[in-house]
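Trainee: Predicted model and sequence below, questions to follow.
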Amino acid sequence: MEELFSIVLNINMLPSKETLYKMYKEFILKAELPYHNMVNEISNIIINSQKPIFQELKIEENSNTANTIITRYKKLIERILTLEDFDYYSEPLEPPKAKVTKISMSDDTGASAHIQPNDIDGLEIATIYFDVRDTIDEMKILNKIWLTWKYEIKDNNQLSLFKDIKPSFEDYPTRLEIFKDFVLITFMEYQSVDKEVQEYVFKSFKEFEELSI
């Protein structure tokens, strides 16, 4: 049985789809950021390396075409660095409070894509994700997102005895999906979910609503 509760919102659900995108970007960003920064540090080298190609193909250096090529080239380098350092990418030193395990998106034509990785290893390992990431960033909306939340288990008695004890977490798989006039949050794999956990996820959603895209 799945634990359900819904958020009733206004009829225009575009902001809610943008909220799912913001959650996706935040929770995936910590894994991608080191490689993004590495590439940005050599941005000038990358740009200069493309200039001879632009000259041969008669592409203006400041044109949209040139900028698109450079942007895609940078992301290709990021992808290669990511795959070669996959152990860290899969389990960063500072993991986010939720892990993206699946997403669903669609465009104005009605075409849709569901990206599902290995059930336990997260979205990062899905090769198809890297192929459609640019499209996701251009659209900046998602219809559904599956997140596994890491909720800290608090034991006041234990904490009082052992000051340096490491916190322990319990995983709560969820699905957030946008309907015509409401958002539905589903807690998976549990017959019941504590109110504190429900409020934790709900509060997180509301916080992302307030962030700029």
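Mentor: Perfect, I can see it now.

Trainee: So which bits of the stretch of helix or strand I46 belongs to are buried?
Mentor: Using DSSP states H and E, I46 sits within helix 43-57. Residues of helix 43-57 classed as buried by neighbour count (16 or more other C-beta atoms under 10 Å): 47, 54. For the C-beta atoms, the positions are set from N, CA and C on the backbone; glycine is no exception.

Trainee: Output stretch 137-154 as CSV - backbone C-alpha positions only.
Mentor: Taking Å, rounded to 0.1, in the frame of the first residue of the first chain, the C-alpha atoms of stretch 137-154 are listed here in CSV:
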residue,chain,number,x,y,z
ASP,A,137,17.6,22.3,-19.1
GLU,A,138,16.0,24.1,-22.1
MET,A,139,12.5,23.2,-21.1
LYS,A,140,13.0,23.8,-17.3
ILE,A,141,9.9,21.7,-16.4
LEU,A,142,9.2,18.1,-15.3
ASN,A,143,5.9,16.3,-15.1
LYS,A,144,7.0,13.7,-12.6
ILE,A,145,10.0,13.1,-10.4
TRP,A,146,10.9,10.1,-8.2
LEU,A,147,13.0,11.1,-5.2
THR,A,148,14.4,9.0,-2.4
TRP,A,149,14.7,11.2,0.7
LYS,A,150,17.2,10.7,3.4
TYR,A,151,15.5,11.4,6.7
GLU,A,152,17.6,11.6,9.8
ILE,A,153,16.6,9.2,12.5
LYS,A,154,16.8,11.1,15.9
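
Trainee: quick one: contacts of it?
Mentor: For stretch 137-154, contacts defined as C-beta atoms under 8 Å, 6 or more residues apart in numbering pick out 14, 17-18, 20-21, 23-24, 27, 95, 97-107, 112, 136, 167-178, 197, 200-201, 204, 213.

Trainee: and what of stretch 66-85?
Mentor: With C-beta under 8 Å, 6+ apart as the test, stretch 66-85 has contacts from 32, 35-36, 38-40, 43, 46-47, 50, 53-54, 59-60, 89, 124, 130, 133-134.
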